[in-house]
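Colleague: let's see this in three dimensions:
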Amino acid sequence: MSSVAQLHWRHPPPVEAPCPTDRQKVIRLGVSADLTGIGRDNFKRTPLYMVWAHLLGSLPPINNASIAEKGGFSPTYCTLMNARACFRGVNRPHDTEDGGDSVYIYVLKIAATLRNDQKNAMVCPIGTYLVPPQNVFTVQVRLNASLQKPVDELDGLVTRIEPVAGEAPSHALPVGHATRYAEQCW
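Modeller: I've put the predicted structure just below:
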């Protein structure tokens, strides 16, 4: 399984990311089944499409997925290596933690994303949608040390990917990032 074309789109390969504590080091992350519904009949297509486009930097390996590039604009292909910032702690309860101190948040600036689109379902249920320029995407990660069941051969799991409002005037970081998160790693 050396090429993306041989992968099953519902089982994305590990994601590489800069280490939250040392941006020069690279860590490998799995994708949480809770994020995508991997292995369930009611899996979530949109988060899976986002994982492929914004964490793996490619279209999902689905027949006719290139339809997503035909609407006049393409999704923003990037990886966590393109993150503009990393924060630790969500300053709210998370699992057994009062402040979600074990959650790391990567910030990506994305112009267009992929979503489930049923209007194209006969060809491929995928579509590209523009992201409002005042938004950023946050990707939440838990490292193995904080997981109840560590992931073999990986450093942790991606648990959430979502658009959030960016702080004016540049809209490069989430609104209220100084108080929303416990600390900025880089």
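Colleague: hey, let's count contacts and neighbours off CA atoms from now on
Modeller: Fine.
Colleague: do a quick rundown of the helices in this structure.
Modeller: For the chain, the helices defined by DSSP state H occupy 33-36, 45-50, 177-180.
Colleague: relative to Pro125, which of those helices is closest?
Modeller: helix 45-50 (8.9 Å; Cα to Cα).
Colleague: tell me what that closest one is packed against?
Modeller: helix 33-36, strand 112-116 (3 or more Cα pairs under 8 Å, 6 or more residues apart in numbering; DSSP states H and E).
Colleague: buried stuff in the shortest one?
Modeller: For helix 33-36, the neighbour count (16 or more other Cα atoms under 10 Å) marks Ala33, Leu35, Thr36 as buried.
Colleague: thinking again about what came up before, point out the most buried one among the helices of the chain.
Modeller: Sort these by mean neighbour count, taking mean count of other Cα atoms under 10 Å, and helix 45-50 sits at the top with a mean of 22.
Colleague: which residues make contact with that helix from outside it?
Modeller: For helix 45-50, contacts defined as Cα atoms under 8 Å, 6 or more residues apart in numbering pick out Trp9, Arg10, Leu35, Thr36, Leu59, Pro60, Thr113, Leu114, Arg115, Asn116, Ile161.
Colleague: isn't the fifth one up against Glu69?
Modeller: It stands for Leu59. No: between Leu59 and Glu69 there is no contact, the gap being 9.3 Å when judged by Cα atoms under 8 Å.
Colleague: the most centrally placed residue in the chain - nearest residue in space that isn't next to it in sequence?
Modeller: Closest to where the C-alpha atoms of the chain average out (Cα atoms, centre = their mean) is Ile161, at 4.1 Å. Excluding its sequence neighbours, the residue lying closest to Ile161 (Cα to Cα, 6 or more residues apart in numbering) is Val139, at 4.4 Å.
Colleague: and Pro169, how far from Val175?
Modeller: Distance of Pro169 to Val175, given as Cα to Cα, to the nearest Å: 10 Å.
Colleague: who's more crowded, the two?
Modeller: Val175 (17 against 7; other Cα atoms under 10 Å).
Colleague: now do the contacts for the more buried one.
Modeller: Going by Cα under 8 Å, 6+ apart, the list of residues near Val175 reads Val164, Ala165, Gly166, Glu167, Ala168.
Colleague: highest neighbour count among these?
Modeller: Ranked by the number of neighbours (other Cα under 10 Å), the contacts of Val175 place Gly166 first, at 21 neighbours.
Colleague: quick revisit: out of the helices of the chain, flag the one nearest Ala85.
Modeller: Closest among the helices of the chain, using Cα to Cα: helix 177-180, at 10.5 Å.
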